[in-house]
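# after the sequence you'll find the predicted model.
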Amino acid sequence: MNMLRKLLLLITVIIFNCKLNSQNTFGTTFVNENVYDGYTLVSIHKKVFLINNCGELVKEWTSNYLPGNAVYLLPNGNILRAGRVDDNTSTINFGGVGGVVELFDWSGNLIWYYRYHTNNFRQHHDVYPMPNGNVLILAATRINTTDAIEAGRNPSNLSNIDLYNERIIEVEPSGFNQGNIVWEWNLYDHLIQDFDATKGNFGIVADNPGKLDINFLNGHSPASNWIHANSIQYNEERDQIVISSRKMSELWIIDHTTTTNEAAGNTGGIYGKGGDFLYRWGNPQAYRQGNESNRKLFGQHMPYIIPSGIPNAGKIITFNNGFGRTPNYSQIDIITPPTSAPGFYTSYSNSAYGPNNTDLTFPEIVPTENTEFYSNILSSAQQLPNGNILVCQGRQGYFFEIDSNNNIVWEYVLPIDVGNGSSFNQGDTAPEANFCFRAIKYGENYPAFDNIEIDPGEPLENNPNIDFCSEILSDNRFEEIRVSVYPNPTSNFINIKTNLDINKIEIYNIFGSRVHTNNNSKKINLSNLESNVYFIKIHTNNSVISKKVIKQ
């Protein structure tokens, strides 16, 4: 990765003469004291790994399935993971397909699974844990040729027998392997076309930005998998879902306040547009409001609305892969969608949705030749509470963290062979391709770690060498941040003990509803709340710390 470092140093005009502080080829290869204190979660082969900043293994989970692809650590310590079913049950098959959703407890026990995998539908790429305990599932479903033509598809754009629809369902877990679908959205209900005037969805594409032109291919050849959604991310504060379409090079935001019936139409919900797009960005030519020169996204992954309480809250961050762009380079983009009120999006000059420019792009300067910071597939970018951004360069299995000045403060090379799950030896040459779908970092104060004794084991690579990392991140170099909530469980009052300055305290129930707010009192009366589990958000000047409390 030396060429990448040289490029980033050049384009950000950073003088840092001695960046590499180890000779490691795997695991943690660089770190300094500005790295965000937390644990990084990845799903590789049939394992899920949680590692610290020195690459030491904190926790490991084992599945019977290869990734399918997303994984999340829940506030209660459970793991939500998508797995890939390879039993020929479904002929829906493309990069990123899965078929099963699994829930493991902290100890590694499988406590729930849900198969969404037939010849007519299949989970793929992403799932998302909802605050109420339900699970959002992204799935491809079949549209037969007759229905595709009825929806206005040009027959010359039907090279395969079927076309794939994108569906999102919300599943309420039931029992060990059952679930109730309590909400559903289908892209098929929000298509428009100007090819066949005899069809019901015929209209002016440019006048209907809330719908997708069924005949727009974005330069790709006709295929069943013409959308290739690769992520769904939920924003609790707005009750909205951000969808990423790789092949359209667009992100879409839809309303989750709707009923299933409203989601199938174009009215209803808090935002009044039913299941139509509330907002879209990245490729205005998809709705006839621009051309290729106006295009901003190129096969992006994991766009999401940054939650409140951390830097850039309310903005959207995404890993912009650069797929199909010349020269070859990826970048991290952060944008501010124009709004008239939170969640209510406005168009730019009555044409394409804004903004025209990003608030932040990394690297800052567009390269004139191919770079090593390029992953045409996979990948993610995550805004961290301390202002840093964690980047997963997915094709190479390379993670790095940058601070607010675009300095690299942590680098990690995945030491697991994704083909067979074995560990590489320290000192060996990293493979050119070692795929990792996504990496997510959880702060040390994340509720999952409450009452858990963290005792890191060995790093994932063979023959590890982390002496340099242990020295740099030695506990005695920094004042320890202490936050405790007691008594826990409680029947009335809780006390918050911390050496931080508190700006605000919020308490949420398990359904994500806020039930209490105060400015800075460190003693809170819970006697009027029902017996249940609650989550406390402690807002400080630089971070939001979450704690779980049980009200008896």
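Received the coordinates, thanks.
# and residue 493, how far from residue 316?
40 Å (CB to CB, to the nearest Å). Any C-beta I mention is one placed from the backbone N, CA and C, and that applies to glycine too.
# out of those two, which sits in the busier spot?
Applying other CB atoms under 10 Å to residue 493 and residue 316 shows that residue 316 carries more neighbours, namely 23 against 12.
# quickly list what that one is bridged to.
residue 305, residue 335 (DSSP bridges).
# again with residue 391
residue 381, residue 400.
# for it, give me the pLDDT.
Residue 391 carries a pLDDT value of 98.
# to what extent is it buried, counted in neighbours?
25.
# that one: what's it in contact with?
Going by CB atoms under 8 Å, 6 or more residues apart in numbering, residue 391 touches 319, 332, 379, 380, 381, 382, 399, 400, 401, 402.
# for the second one, what are its contacts?
Under the criterion of CB under 8 Å, 6+ apart, the neighbours of residue 332 are 317, 318, 319, 320, 360, 361, 362, 381, 389, 391.
# try the fifth one
Applying CB under 8 Å, 6+ apart, one finds that residue 381 lies in contact with 302, 317, 318, 319, 332, 389, 390, 391, 392.
# ok, it to residue 356 distance?
Taken as CB to CB, the span from residue 381 to residue 356 is 21 Å.
# same thing with the fourth one?
Distance from residue 380 to residue 356, counting by CB to CB: 25 Å.
# the more surrounded of the two?
More neighbours surround residue 380 than the other of residue 380 and residue 356, with 26 against 10 (other CB under 10 Å).
# so the more buried one sits right up against residue 319, yeah?
Yes: when contacts are counted by CB atoms under 8 Å, residue 380 is listed as touching residue 319 (5.4 Å).
# what do those two both touch?
Shared contacts of residue 380 and residue 319, counting by CB under 8 Å, 6+ apart, come down to 301, 302, 391, 392.
# tell me which residues in stretch 356-368 are buried?
The neighbour-count check on stretch 356-368 (16 or more other CB atoms under 10 Å) flags 358, 360, 361, 362, 363, 367 as buried.
# average pLDDT across that stretch?
92.
# could you export it as PDB, CA atoms only?
Output of stretch 356-368 as PDB, limited to C-alpha atoms (Å, rounded to 0.1, in the frame of the first residue of the first chain):
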ATOM      1  CA  ASN A 356     -24.100  20.100  -7.100                       C
ATOM      2  CA  ASN A 357     -21.100  19.800  -4.900                       C
ATOM      3  CA  THR A 358     -20.000  17.600  -2.000                       C
ATOM      4  CA  ASP A 359     -19.200  19.000   1.400                       C
ATOM      5  CA  LEU A 360     -16.300  16.600   1.700                       C
ATOM      6  CA  THR A 361     -14.500  14.400  -0.800                       C
ATOM      7  CA  PHE A 362     -11.500  12.300   0.000                       C
ATOM      8  CA  PRO A 363      -9.100  12.400  -1.800                       C
ATOM      9  CA  GLU A 364      -9.600  16.100  -2.300                       C
ATOM     10  CA  ILE A 365      -8.000  16.400  -5.800                       C
ATOM     11  CA  VAL A 366      -9.200  14.400  -8.700                       C
ATOM     12  CA  PRO A 367      -6.300  12.300 -10.000                       C
ATOM     13  CA  THR A 368      -5.300  12.300 -13.600                       C
END
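# count of neighbours near residue 510?
15.
# once you drop chain neighbours, what's closest to it?
residue 533 (5.5 Å; CB to CB, 6 or more residues apart in numbering).
# show me the beta-bridge partners of that neighbour.
residue 550.
# element containing the closest residue to residue 433 other than its chain neighbours?
In this structure, residue 433 finds its nearest non-sequential neighbour in residue 395, 5.7 Å apart by CB to CB, 6+ apart. When secondary structure is defined by DSSP states H and E, residue 395 falls outside every helix and strand.
# and after the lowest-mean-pLDDT helix or strand in the chain, which helix or strand comes next?
None of the helices or strands of the chain scores lower by mean pLDDT, DSSP states H and E than helix 2-11, at a mean of 46. Scanning forward in sequence from helix 2-11 by DSSP H and E, the next helix or strand is strand 27-31.
# which helices and strands does that next one pack with?
The contact analysis (3 or more CB pairs under 8 Å, 6 or more residues apart in numbering; DSSP states H and E) places strand 27-31 against strand 408-413, helix 467-472.
# how far off centre is that strand?
Strand 27-31 has its C-alpha centroid displaced from the chain centroid by 23 Å (CA atoms, centre = their mean, to the nearest Å).
# next SSE after it?
From strand 27-31, the next helix or strand downstream (DSSP H and E) is strand 38-44.
# hmm, who's touching that next one?
Contacts for strand 38-44 (CB under 8 Å, 6+ apart): 48-53, 58, 67, 69-73, 81, 384, 390, 392, 399, 412, 414, 416, 418, 421, 436-444, 446, 449.
# select only the buried ones of those residues in ChimeraX?
Buried subset of those, written as a ChimeraX selection, criterion 16+ other CB under 10 Å:
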select :48,49,50,51,52,53,58,67,69,70,71,72,73,81,384,390,392,399,412,414,416,418,436,437,438,439,440,441,442,443,446,449
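# what's the first helix or strand after the longest strand anywhere in the chain?
Counting by DSSP state E, the longest strand found in the chain is strand 163-174. Using DSSP H and E, the next helix or strand after strand 163-174 towards the C-terminus is strand 178-186.
# mind listing what's buried along that next one?
179, 183, 184, 185, 186.
# kindly export that strand (C-alpha atoms) in PDB.
C-alpha atoms of strand 178-186 as PDB (Å, rounded to 0.1, in the frame of the first residue of the first chain):
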ATOM      1  CA  GLN A 178     -40.100 -18.000  11.600                       C
ATOM      2  CA  GLY A 179     -41.000 -14.400  11.000                       C
ATOM      3  CA  ASN A 180     -44.000 -12.200  10.300                       C
ATOM      4  CA  ILE A 181     -43.700  -9.700   7.400                       C
ATOM      5  CA  VAL A 182     -45.100  -6.500   8.900                       C
ATOM      6  CA  TRP A 183     -44.200  -4.000   6.100                       C
ATOM      7  CA  GLU A 184     -43.200  -4.200   2.500                       C
ATOM      8  CA  TRP A 185     -42.000  -2.000  -0.300                       C
ATOM      9  CA  ASN A 186     -41.500  -2.900  -4.000                       C
END
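# got the angle for it vs strand 163-174?
Angle, strand 178-186 to strand 163-174, by axes from the mean of the first three to the mean of the last three CA atoms, to 10 degrees: 140 degrees.
# tell me which residues are up against whichever helix or strand comes after strand 178-186.
Next in sequence after strand 178-186, counting helices and strands by DSSP H and E, comes strand 191-192. By CB under 8 Å, 6+ apart, the surrounding residues in contact with strand 191-192 are 151, 152, 201, 202, 203, 205, 208, 211, 212, 213, 214.
# partners of strand 191-192 in the sheet?
strand 212-213 (parallel).
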